[in-house]
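1. Fold the stuff below for me.
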Amino acid sequence: MTANKPGDPLTLNRLYGRSSGHKLRQAQQELIDKLLPQVSVPAEGEVTASTLFGEERPLHFEIGFGSGEHLADRADMLPNHGFIGAEPFLNGVATALGHVRDKHLANVRIWRGDALEVLRRVPDGALSFIYLLHPDPWPKARHAKRRMANDGPVDLFAAKLRPGGELRLATDDPTYLNWALMVMQRHTRQFDWLAERPKDFLEPSGGWIETRYGAKSRREGRRPYYLRYRRV
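-> From the prediction side, this is the model:
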């Protein structure tokens, strides 16, 4: 992660936990060694649909894609759109690369590391969707500043989304839900909450694909919540 800049509200000490887990299998390591360099977001320069895919197209950005099933399914559903996924966890990146290979996805680019580092390099108003699905809840009060749903990142989301673009947030953690609702309430000049009735945030909607984590939380008796916000 890049060094903090004094007074920069968007740069936090840590927005994610560990970056690797169990040792990769040989096939996964080959994906990291061979496929990842082909589909990586460049380390420097402006990040646009043209620089990534050679043409203008609607651009999606997923923050912390986990194992990449949502990223891959959305990219498969919308082959004429471009998708950027950022994930610091090496094992998740390897699994996502397997999806990219198996589904022959030419419209996905991956960044292993801090999502905000790449997001800052996206031109303002360039994104159609931002996905923040089941982020680390950082449940302890003293860690609340590490949550991605905070004023600094939300301001950045607003800057990078086009008018009418959509921010999608999912969580099964009640504390994180209440926190996110509180933070987003402070940004009503930037975002409209697309919920008119309880069903609108208790069930996926709008072509929303359930993540593996979301399905797991349902099986284990936890309720996922689905928040959709439209850029004003």
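
2. Need the residue closest to the centroid of the protein.
-> Ile63 (1.9 Å; C-alpha atoms, centre = their mean).

3. and that residue, backbone torsions?
-> Comment: the main-chain dihedrals of Ile63 come out as phi -100, psi 120, following degrees, to the nearest 10.

4. which residue of this structure sits farthest from its center?
-> Relative to the C-alpha centroid of the chain, counting by C-alpha atoms, centre = their mean, Gln26 is the outermost residue, at 27.3 Å.

5. Who are the contact partners of that residue?
-> Residues counted as contacts of Gln26 (C-beta atoms under 8 Å, 6 or more residues apart in numbering): none. Using the backbone N, CA and C atoms, a C-beta is placed for each residue, glycine as well.

6. Give me the local confidence score for it.
-> Reading off the confidence values, Gln26 has pLDDT 93.

7. One more: Lys5?
-> In the predicted model, Lys5 carries a pLDDT score of 40.

8. Just give the number of residues close to the residue lying closest to Thr171 once chain neighbours are set aside.
-> In this structure, Thr171 finds its nearest non-sequential neighbour in Leu177, 5.4 Å apart by C-beta to C-beta, 6 or more residues apart in numbering. Applying other C-beta atoms under 10 Å, we find 20 other residues in the vicinity of Leu177.

9. Run through who's touching the helix or strand hosting Leu177.
-> In the assignment (DSSP states H and E), Leu177 maps to helix 174-185. When contacts are defined by C-beta under 8 Å, 6+ apart, helix 174-185 is touched by residues 135, 137, 139, 144, 147, 149-151, 154, 169, 171, 191, 193, 225, 227, 229.

10. Which positions in the top strand by length along the chain come out as buried?
-> Longest strand in the chain, counting residues (DSSP state E): strand 161-171. By neighbour count, and taking 16 or more other C-beta atoms under 10 Å as the criterion, the buried residues in strand 161-171 are 161, 165-171.

11. quick one, the lowest-mean-pLDDT helix or strand in the chain and strand 161-171 angle?
-> For the chain, counting by mean pLDDT, DSSP states H and E, helix 212-219 ranks last in confidence among helices and strands (a mean of 82). Interaxial angle, helix 212-219 versus strand 161-171 (axes from the mean of the first three to the mean of the last three C-alpha atoms, to 10 degrees): 40 degrees.

12. which element follows helix 212-219 toward the C-terminus?
-> Once helix 212-219 ends, the next helix or strand along the chain (criterion: DSSP H and E) is strand 225-231.

13. and that following strand, what other elements does it pack with?
-> Of the remaining helices and strands, those touching strand 225-231 by 3 or more C-beta pairs under 8 Å, 6 or more residues apart in numbering; DSSP states H and E are strand 161-171, helix 174-185, strand 191-193, helix 199-202.

14. Which other helices and strands does the first one contact?
-> Packed against strand 161-171 by the contact rule (3+ C-beta pairs under 8 Å, 6+ apart) you find strand 127-133, helix 174-185, strand 225-231.

15. can you rerun that using 6 Å?
-> strand 127-133, strand 225-231 (3 or more C-beta pairs under 6 Å, 6 or more residues apart in numbering; DSSP states H and E).

16. ranking those by burial, who's on top?
-> For those, ranked by mean neighbour count under the definition mean count of other C-beta atoms under 10 Å, the leader is strand 127-133 at a mean of 23.
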